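**Q** With the input below, show me the fold.
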Amino acid sequence: MITYPVNHPSPHCVAIPARLRSTRLEEKLLIEDSGMPLICETISSVRSPDMWPVVVITDHIDIAQAVADYFPLSDTSDVFVHMSGSARNGTERIGRWARDSNANSRFNLMVNVQADEPSVDTKDIAALTRAYEDTPRADVVTMAQPASQADQDSESAVKVRLDANNICTEFSRFPMEEEALDRVSNHVGLYAYSPAFLTWFMRKKTDRHYDLEQQEWMDLGARIRAVLTTGKRFYSVNTRAEYDRWLEVKEARDGKSRV
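**A** Sure, this is the predicted structure:
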């Protein structure tokens, strides 16, 4: 497969780290019950050709080929695919691509969209970008939504505890302590950060395993602020039940029904 350098006039870049292996739902990014692979659903949702390029950074040719089958790849495209080696998490994968492709000097803002977040759309990215620009004291800006009791009980749902200024103080897959549950939200896998943050992280990261990469950033000293959303429900896909729920919502929105 031929890969092309990212050639787009936007100062912002949407980067989607896409690993083939997944723990709770095997090779979920290639499931295509909706009519296209999940990775392509996420790309379609965040794609805005006039506003920013979308770069998929993957460790497997099957994902790269799936993207190429649905989106034209060329040096004038707005969707790009780059192959990467192994990485502990998505930001490390993006960091290696940014360093090796000179993207750190090409863009002034990276928006990291998790590949299993097909509910994230262009309005969310625009809102996150504005929030990042309005929050000079945060290293990373992310999103969160109200946590239901089901979110609180589910280990596939990432919870985030916020202080009074919506600064993240804790991330966890496990139920959080009962006190101050009004400050616990359901995290959305979407981040905005600068190339300078990526460079800092790649220099400071350790070999320690973290289940959640956000917790590593905080342990290293990064300050993360969350934008709280209430007008929309995001559906992350970690399990088969979550995929089916997202698909049900999508088909209802599109006026379709499952046969």
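**Q** Once you drop chain neighbours, what's closest to Thr76?
**A** Excluding the flanking residues, the one nearest Thr76 by CB to CB, 6 or more residues apart in numbering is Asn7, at 6.8 Å. For the C-beta atoms, the positions are set from N, CA and C on the backbone; glycine is no exception.
**Q** helix/strand/coil for the one you found?
**A** Put simply, Asn7 is coil when judged by DSSP: H, G, I helix; E, B strand; the rest coil.
**Q** Quickly note the distance from it to Ala68.
**A** 17 Å (CB to CB, to the nearest Å).
**Q** same question, Ala157
**A** In terms of CB to CB, Ala157 sits 32 Å off from Ala68.
**Q** neighbour-wise, which of the two wins?
**A** The neighbour comparison of Ala157 against Ala68 (other CB atoms under 10 Å) goes to Ala157, with 20 against 17.
**Q** Please spell out which residues along stretch 75-84 are buried.
**A** Neighbour-count burial for stretch 75-84, counted by 16 or more other CB atoms under 10 Å, picks out 77-82, 84.
**Q** Name the residues that touch it?
**A** With CB atoms under 8 Å, 6 or more residues apart in numbering as the contact definition, stretch 75-84 has outside contacts at 1, 3-8, 43, 47-49, 52-59, 61, 64, 67-68, 71-73, 93, 96-97, 101.
**Q** same question, stretch 154-165
**A** Outside stretch 154-165, the residues touching it (CB under 8 Å, 6+ apart) are 24, 142, 144, 147, 150-152, 168-176, 180, 183-187, 189, 212, 214, 225-226, 228, 236, 238-239, 242.
**Q** Which of the residues you listed fall within strands?
**A** Among these, the residues falling in strands (DSSP state E) are 142, 144, 168-172, 184-187, 189, 225-226, 228.
**Q** ok, so of those residues, who is nearest Asp116?
**A** Distance to Asp116, by CB to CB, is smallest for Gly189 among the ones in strands among the contacts of stretch 154-165, at 7.0 Å.
**Q** Excluding chain neighbours, give the residue nearest to that closest one in space.
**A** That would be Gln114: by CB to CB, 6+ apart, it lies 3.1 Å from Gly189.
**Q** Next: Asn104.
**A** Pro195 is the one closest to Asn104 (CB to CB, 6+ apart), at 3.9 Å.
**Q** cool, Gly90 as well?
**A** The nearest residue in space to Gly90 (CB to CB, 6+ apart) is Pro17, at 3.3 Å.
**Q** Outside of the helix or strand bottoming out on mean pLDDT in the chain itself, list whatever touches it.
**A** Within the chain, no helix or strand scores below helix 149-153, which has a mean of 82 by mean pLDDT, DSSP states H and E. The contact list for helix 149-153, computed with CB under 8 Å, 6+ apart, reads 157, 159, 175-176, 181, 184, 186.
**Q** Can you tell me which one of those sits lowest on pLDDT?
**A** When the contacts of helix 149-153 are compared by pLDDT, Leu181 scores lowest at 57.
**Q** and the residue nearest to Glu27 when sequence neighbours are not counted, which of the three is it?
**A** Of all residues not flanking Glu27 in the chain, Leu20 sits nearest, at 6.0 Å (CB to CB, 6+ apart). Of the three states, Leu20 takes coil under three-state DSSP.
**Q** Help me confirm that Leu20 comes into contact with His60.
**A** Yes - the pair Leu20 and His60 qualifies as a contact (CB atoms under 8 Å) at a distance of 3.7 Å.
**Q** per-residue confidence for Val237?
**A** 94.
**Q** For Ala196, see how far away it is.
**A** 31 Å.
**Q** So what's the residue count around Glu177?
**A** Glu177: 10 neighbours (other CB under 10 Å).
**Q** Having no further points to raise, I will conclude here.
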